[in-house]
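1. The sequence and its predicted three-dimensional model are supplied below.
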Amino acid sequence: MKILLIDDNQDITTMLHKYLTIKGHDCTISNDGRNGLTLLESQKFDAILLDLAMPEFTGIDVIDSLCNSGKIKDKKIILFTASSVKDDEIKSLIKKGAHSCLKKPVKLDLLMKAIGG
């Protein structure tokens, strides 16, 4: 699977990149929400792990931008957050087109189940 990791925490993206690569996946990393959005709009990914709490351009901004451009369809976006996002906000993001939500720290078996690998 081709997976995009969008998270401002480089320790997390480095660790997940190593883990997912060992599991046989092709992983691309973006440590910035705007750059992640550009990658999403220009390339095809089987799954996207999207952190919600990033400085300047959040995961919510990424979701809103994809909704506004009509490009959220066909994207398997798994929200990935340690922030205290309220359940109502998560439900709203899923209604907009996000696939599911995983809370950090995430168990790796739940991560693999969510991405379908």
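-> Sure, I can see it.

2. In the longest helix along the chain, which residues are buried?
-> Looking across the chain with DSSP state H, the single longest helix is helix 10-22. Within helix 10-22, the residues that qualify as buried are 12-13, 16-17, 20, counting by 16 or more other CB atoms under 10 Å. Bear in mind the C-beta positions are built from the backbone N, C-alpha and C, glycine included.

3. for stretch 95-111, same thing?
-> Here stretch 95-111 shows 97-99, 101-102, 106, 111 as buried, counting by 16+ other CB under 10 Å.

4. Tell me which of these fall in helices.
-> Using DSSP H, the buried residues of stretch 95-111 in helices are Leu111.

5. Could you tell me which of the buried residues of stretch 95-111 belong to strands?
-> Of the buried residues of stretch 95-111, the ones assigned to strands by DSSP state E are 101-102.

6. Next, give me the two most distant ones among the buried residues of stretch 95-111.
-> The most widely separated members of the buried residues of stretch 95-111 are Gly97 and Val106, with 20.8 Å between them, by CB to CB.

7. low pLDDT regions in the protein?
-> 83, 117 (pLDDT under 70).

8. repeat that with 90
-> 73-74, 80-87, 89, 103-106, 116-117 (pLDDT under 90).

9. Now do the strands in it.
-> 2-6, 26-30, 47-51, 77-81, 100-103.
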